[in-house]
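Chemist: Quick one, fold the following:
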Amino acid sequence: MNILVVEDDKTIAAGLEYSLQQDGFSTILCHDVTAAKKTILESIEQITLCLFDLSLPDGSGYELCKLVKERRDIPVIFLTVIDDEVNVVMGLDMGADDYITKPFRIRELLSRIKSVMRRYHKPSPSKSFVDIGNVRIHTLEGKVYKDGIEIPLTALEYRLLLIFGNHIGQVLTRNQLLEQIWDVAGDFVNDNTLTVYIKRLRVKLEQDPQHPTIIKTVRGLGYKVGD
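Modeler: Next comes the predicted model:
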């Protein structure tokens, strides 16, 4: 997940970049509107979420938000020292998804980012199934089939597979998986439990669990499903 961070205060920018990377995100950092516009125009398909400072030396986060929303439907969060209703409403009317006022705690920002991303990644009600190779998830039935044969899964196994199904081709870190399982299930799942459930899914779904092709391990990063 690539986050475009546009912040002219280099101390704040460096702190944001470090904190986001520590939480498993990749970052693209710009310090002004000119550099940000160039990045958006050249690399918009690689950007998952945008964090825009509202007041920048050569413009504002508003124009960056407009540029992004014209090209892709991805979330935008504004960072600003301004805290009044007019600016909040203006930003949201332009398509921003959230608005956080400086100074803020990094944990609060991370929580806002994850909350926004969950809203964007909710499966469409009109999509009744998700295909991953020879595996089909029937989202309306809550059932999983491999080569047309139903595969019995526990509730947590199904939820984990559905998370993968909603992020096909994306690398998900262990922290991201734990965060989403916690949010959906409301139960505590630790790192060891996640490992066990990944193994169970591989045994049930892979042709050769020792050499998985559906749920792939990306060394040092996490897991990836599909291409």
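
Chemist: quick one: which helix or strand includes the spatially most central residue of the chain?
Modeler: Compute the mean C-alpha point of the chain, and by CA atoms, centre = their mean the closest residue is Met117, 4.9 Å away. Assigned by DSSP states H and E, Met117 belongs to helix 106-121.

Chemist: any chance you could map the strands in this protein?
Modeler: Counting by DSSP state E, one finds strands in the chain at the ranges 2-6, 26-30, 49-53, 55-56, 59-60, 76-80, 98-101, 129-132, 135-138, 143-146, 149-150, 171-172, 215-218, 222-225.

Chemist: Tell me which of those is the most buried.
Modeler: strand 49-53 (a mean of 26; mean count of other CB atoms under 10 Å). No exception for glycine: its C-beta is placed from N, CA and C like everyone else's.

Chemist: what residues go with each domain of this structure?
Modeler: Domains of the chain are assigned by automatic domain parsing as 2-121, 129-225.

Chemist: Dump those into JSON lines; add mean pLDDT as well.
Modeler: Formatted as JSON lines, the domains of the chain follow (pLDDT from 0 to 100):
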{"stretch": "domain 2-121", "mean pLDDT": "88"}
{"stretch": "domain 129-225", "mean pLDDT": "85"}
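
Chemist: re the thing from before, can you list the buried residues in the helix holding Met117?
Modeler: Leu109, Leu110, Arg112, Ile113, Val116, Met117 (16 or more other CB atoms under 10 Å).

Chemist: Same question for stretch 29-39.
Modeler: Result for stretch 29-39 [16+ other CB under 10 Å]: buried residues Leu29, Cys30, His31, Val33, Ala36, Lys37, Thr39.

Chemist: Tell me if I'm right that the fifth one and Leu4 touch.
Modeler: Yes. Between Ala36 and Leu4 there is a contact under CB atoms under 8 Å: 7.1 Å.

Chemist: which residues are in contact with both of these two?
Modeler: Cys30 (CB atoms under 8 Å, 6 or more residues apart in numbering).

Chemist: which ones are touching Lys204?
Modeler: By CB under 8 Å, 6+ apart, the contact set of Lys204 is Lys146, Ile151, Leu153, Glu157.

Chemist: By neighbour count, which of those residues wins?
Modeler: Using other CB atoms under 10 Å as the neighbour criterion, Leu153 leads those with 21 neighbours.

Chemist: want to try CSV for the buried residues of stretch 29-39, with distance to Glu70 as columns?
Modeler: Output for these, formatted as CSV (distance: CB to CB, whole Å):
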residue, distance to Glu70
Leu29, 22
Cys30, 18
His31, 23
Val33, 15
Ala36, 14
Lys37, 12
Thr39, 15
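
Chemist: What's the end-to-end length of stretch 137-155?
Modeler: Taking CA to CA, to the nearest Å, the first and last residues of stretch 137-155 lie 13 Å apart.

Chemist: about what we covered before: so what touches the helix holding Met117?
Modeler: With CB under 8 Å, 6+ apart as the test, helix 106-121 has contacts from 1, 3, 15-16, 19-20, 23, 25, 48-49, 51, 74-75, 77, 97-98, 100, 166-167, 179-180, 183.
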